[in-house]
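Participant: when you get a sec, could you give me coordinates for this:
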Amino acid sequence: MSYNTKNYTEQGGDVTHIGEKLIIEEGASVEGLLSTPAENQSDSEATTVVALKEDFNTLLAKLKTAGIMAADESD
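Facilitator: Numbers count the residues shown, from 1 in each chain. Prediction:
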């Protein structure tokens, strides 16, 4: 009888393959996954739809700059 594991680390330890689901339990931490957090976005104090749109677009720009969201194709 043989067993084929879905999770394994390649020779040398530089690459680990996860073949199914990875569950990170409460209290655990992951390092290096998000290298650049997005710049803080203050709570919106907009009183018009136009001002709210400006705040929202500022947030989107910060997410794109941090690499959390893909940039627009035209950028």
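Participant: just want the most central residue of this structure.
Facilitator: The centre of the chain sits closest to residue 68, judged by Cα atoms, centre = their mean, with a distance of 5.0 Å.
Participant: quick one: secondary structure of the residue nearest to it when sequence neighbours are not counted?
Facilitator: Closest residue to residue 68 apart from its sequence neighbours, by Cβ to Cβ, 6 or more residues apart in numbering: residue 38 at 5.6 Å. C-betas here are computed from N, CA, C, even on glycine. Judged by DSSP: H, G, I helix; E, B strand; the rest coil, the three-state class of residue 38 is coil.
Participant: dump the residue contacts of residue 38.
Facilitator: 62-63, 65-66, 68 (Cβ atoms under 8 Å, 6 or more residues apart in numbering).
Participant: and those, which of them are buried?
Facilitator: Among the contacts of residue 38, those classed as buried by 16 or more other Cβ atoms under 10 Å are 62-63.
Participant: a markdown table for the contacts of residue 38, including pLDDT, distance to residue 4 and secondary structure?
Facilitator: Output for the contacts of residue 38, formatted as a markdown table (pLDDT from 0 to 100; distance: Cβ to Cβ, whole Å; DSSP: H, G, I helix; E, B strand; the rest coil):
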| residue | pLDDT | distance to residue 4 | secondary structure |
| --- | --- | --- | --- |
| 62 | 95 | 44 | helix |
| 63 | 94 | 40 | helix |
| 65 | 92 | 43 | helix |
| 66 | 88 | 39 | coil |
| 68 | 88 | 36 | coil |
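Participant: now the contacts of residue 38 as CSV including distance to residue 22?
Facilitator: Below are the contacts of residue 38 laid out as CSV (distance: Cβ to Cβ, whole Å):
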residue, distance to residue 22
62, 28
63, 24
65, 28
66, 23
68, 20
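Participant: between the contacts of residue 38, which is nearest residue 8?
Facilitator: Relative to residue 8, the closest of those is residue 68; by Cβ to Cβ it sits at 29.5 Å.
Participant: how much space between that closest one and residue 24?
Facilitator: 18 Å (Cβ to Cβ, to the nearest Å).
Participant: again with residue 33
Facilitator: Residue 33 is 10 Å from residue 24, by Cβ to Cβ.
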